[in-house]
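Engineer: Build the 3D model from these lines:
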Amino acid sequence: MTAKGKLPGEFELIARHFAPLAAQAPGAVDLQDDVFAFTPPPGMDLVLKTDAITAGVHFLRSDPPDLVARKLLRVNLSDLAGKGARPLGYLMTTAFDDAIDEAWVAKFVEGLAQDQAEFGIALWGGDTTATPGPLAFTATVIGAVPTGRTLRRSGARPGDRILVTGTVGDGIFGLAAHRGELTDLAEPARHFLAQRYVLPEPRLALGRMLVEQGLAHASMDISDGLAADLAHICEASCCGATVEVASVPLSEPVAELVAADPALIASVVTGGDDYELLLAVPPSNLADAFEAARKAETRITDIGVFSPQSAMHFIDRDGHPLTLKEQGFTHF
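Structural biologist: Here you go, the predicted model:
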């Protein structure tokens, strides 16, 4: 079923808009069957990840549809990056509310096509349905990694260095900028942060290099916040961690905000939607990891160390513990 009135029939909608997205995937047979048939590449494990985005939670109802589509793909591809996987294709469920018309769908598909071309993937199938609201989309991305080489949360060891890509805190402040807040910042800074929230950059090239060269013990992407996702690695790896907060990389706009109000550093380490990689790298591999990051044109920063103790500590620039009221985002 699909939303009635503003959209054509379900199968006409699929044939007109979504089938072209599957043209490069022969197993999808132009989306004319119920399933996708696929033979995994020899010597590779498949890595699968599902994430949903919902209006009012992950994007604003007023956001341009092409950017909504691209964020849907990118938040899922970021998880593949965290596992070191090469993306192959994706399945997608669209739940359109009755405010959606065909022009909106066409623009949404434009965004999907743009990122399919950028990341070398195709639509493999899915479902198209109607909803009384809110507007929501789900994607399942499928990737491949050499057999037995998938990076997990559970591999960190005491003494491993904690590395993070890009800059942290842009997601939480980007949401504020996207909502029209942070008016003390100059417009270019607000635009930069809003774009970081709306259009994250999955670190796929670096993730694959880390796997191919065996440089990391553990990895995941930062979606719920640096503190929360570091806690996930610590729990899975049965270890603790110490983070030097002054070493956490900040973009210029976030650094400006924190300089004006140092208490905002807590939001930096607990805010979500950064979609950067959080890594456990043994000291012997640090030089190679930084070289891989240089080749991948991805900033990477050493922010701390994993420890034998189960506790997790964030130390401020004065050497004092930073107390966090909560570690990060949770849906419930």
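
Engineer: going forward, measure contacts between C-alpha atoms and count neighbours the same way
Structural biologist: Fine.

Engineer: what about the strands in the stretch 1-150 of the chain?
Structural biologist: Remark: strands assigned in the stretch 1-150 of the chain by DSSP state E, counting those that start in this stretch are 44-54, 86-96, 122-130, 136-146.

Engineer: Give me the helices and strands touching the third one, please.
Structural biologist: Packed against strand 122-130 by the contact rule (3 or more C-alpha pairs under 8 Å, 6 or more residues apart in numbering; DSSP states H and E) you find strand 86-96.

Engineer: export the strand it packs on as PDB, just CAs?
Structural biologist: What follows is strand 86-96, C-alpha atoms only, in PDB (Å, rounded to 0.1, in the frame of the first residue of the first chain):
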ATOM      1  CA  ARG A  86      33.000  -2.400   1.600                       C
ATOM      2  CA  PRO A  87      29.400  -1.500   0.800                       C
ATOM      3  CA  LEU A  88      27.600  -3.600  -1.800                       C
ATOM      4  CA  GLY A  89      23.900  -2.700  -1.700                       C
ATOM      5  CA  TYR A  90      20.900  -1.800   0.400                       C
ATOM      6  CA  LEU A  91      17.300  -2.600   1.100                       C
ATOM      7  CA  MET A  92      14.900   0.200   2.000                       C
ATOM      8  CA  THR A  93      11.500   0.600   3.500                       C
ATOM      9  CA  THR A  94       9.700   3.900   3.000                       C
ATOM     10  CA  ALA A  95       6.700   4.900   5.100                       C
ATOM     11  CA  PHE A  96       5.100   8.000   3.500                       C
END
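
Engineer: one step back: out of the strands of the stretch 1-150 of the chain, which is closest to residue 29?
Structural biologist: strand 122-130 (8.9 Å; C-alpha to C-alpha).

Engineer: Return the mean pLDDT over that closest one, rounded to an integer.
Structural biologist: Regarding strand 122-130, the rounded mean pLDDT is 93.

Engineer: repeat for stretch 178-190
Structural biologist: Stretch 178-190 carries an average pLDDT of 96.

Engineer: now do the same end-to-end measure for it.
Structural biologist: Using C-alpha to C-alpha, to the nearest Å, the end-to-end distance of stretch 178-190 comes out at 8 Å.

Engineer: I'd like to know how many residues surround residue 238.
Structural biologist: 17 (other C-alpha atoms under 10 Å).

Engineer: Please name the residues that touch the residue lying closest to it once chain neighbours are set aside.
Structural biologist: Leaving out its chain neighbours, the residue that sits closest to residue 238 by C-alpha to C-alpha, 6 or more residues apart in numbering is residue 310, at 6.7 Å. By C-alpha atoms under 8 Å, 6 or more residues apart in numbering, the contact set of residue 310 is 234, 235, 238, 239, 240, 241.

Engineer: Kind regards, and thank you for your time.
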